[in-house]
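[1] predicted model, plus sequence, below.
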Amino acid sequence: MILVPGGPMQSGIGNREKNQVRERFAKGEVGQEELLASECRAYHSPGTCTFYGTANSNQLIAEMLGLHLPGASFVNAETELRTALTKAAAARITGMTHLDTDNGGYTPLGRVISEKSIVNAMVGLLATGGSTNETM
């Protein structure tokens, strides 16, 4: 098994601009149409949120557990590199069979994830400032 993360969406409008529109909406200065347009500019494409929250923390943990290709966690969705990583994951998984034990290509999932790998993933998460939701 290999997980193929979607990666974070590319940045849209910033939090300051988004919050200003939300505040103006709360005050009745702009309508719902402008509020929705602002939200669509902020969250405008496929992928996880643009900040390092729970979804991106999940991607990091999966990477640290060895469940997807190294370096794949934070490559933006809908980019050439994301496409290349997805193709590389597909090529890798088709090469990982029970027949490939000599090259270290096949390791049963039960031997990949262990108590030590989970602790390592939690240490990595906390060291990078990931979501505290993960520790629950």
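    Nice, I can see it.
[2] return the set of buried residues in stretch 113-132.
    121, 124-125, 130-131 (16 or more other CB atoms under 10 Å). Backbone N, C-alpha and C define where each C-beta goes, glycine included.
[3] dump the C-alpha coordinates for that stretch into CSV.
    These are the backbone C-alpha positions of stretch 113-132, laid out as CSV (Å, rounded to 0.1, in the frame of the first residue of the first chain):
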residue,chain,number,x,y,z
ILE,A,113,4.2,0.6,11.4
SER,A,114,5.4,-0.1,14.9
GLU,A,115,5.3,1.5,18.3
LYS,A,116,8.7,3.1,17.5
SER,A,117,7.5,4.5,14.1
ILE,A,118,4.4,6.0,15.8
VAL,A,119,6.5,7.7,18.5
ASN,A,120,8.9,8.9,15.8
ALA,A,121,5.9,10.4,13.8
MET,A,122,4.6,12.1,16.9
VAL,A,123,8.0,13.6,17.7
GLY,A,124,8.3,14.8,14.1
LEU,A,125,4.8,16.3,14.2
LEU,A,126,5.5,18.2,17.5
ALA,A,127,8.9,19.3,16.3
THR,A,128,7.4,20.9,13.2
GLY,A,129,4.5,22.6,15.0
GLY,A,130,1.8,20.3,13.6
SER,A,131,-1.8,20.1,14.7
THR,A,132,-2.3,19.2,18.4
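[4] could you point out which element follows the longest helix belonging to the chain?
    When the chain is parsed with DSSP state H, its longest helix is helix 80-95. With elements assigned by DSSP states H and E, the helix or strand that comes after helix 80-95 is helix 109-112.
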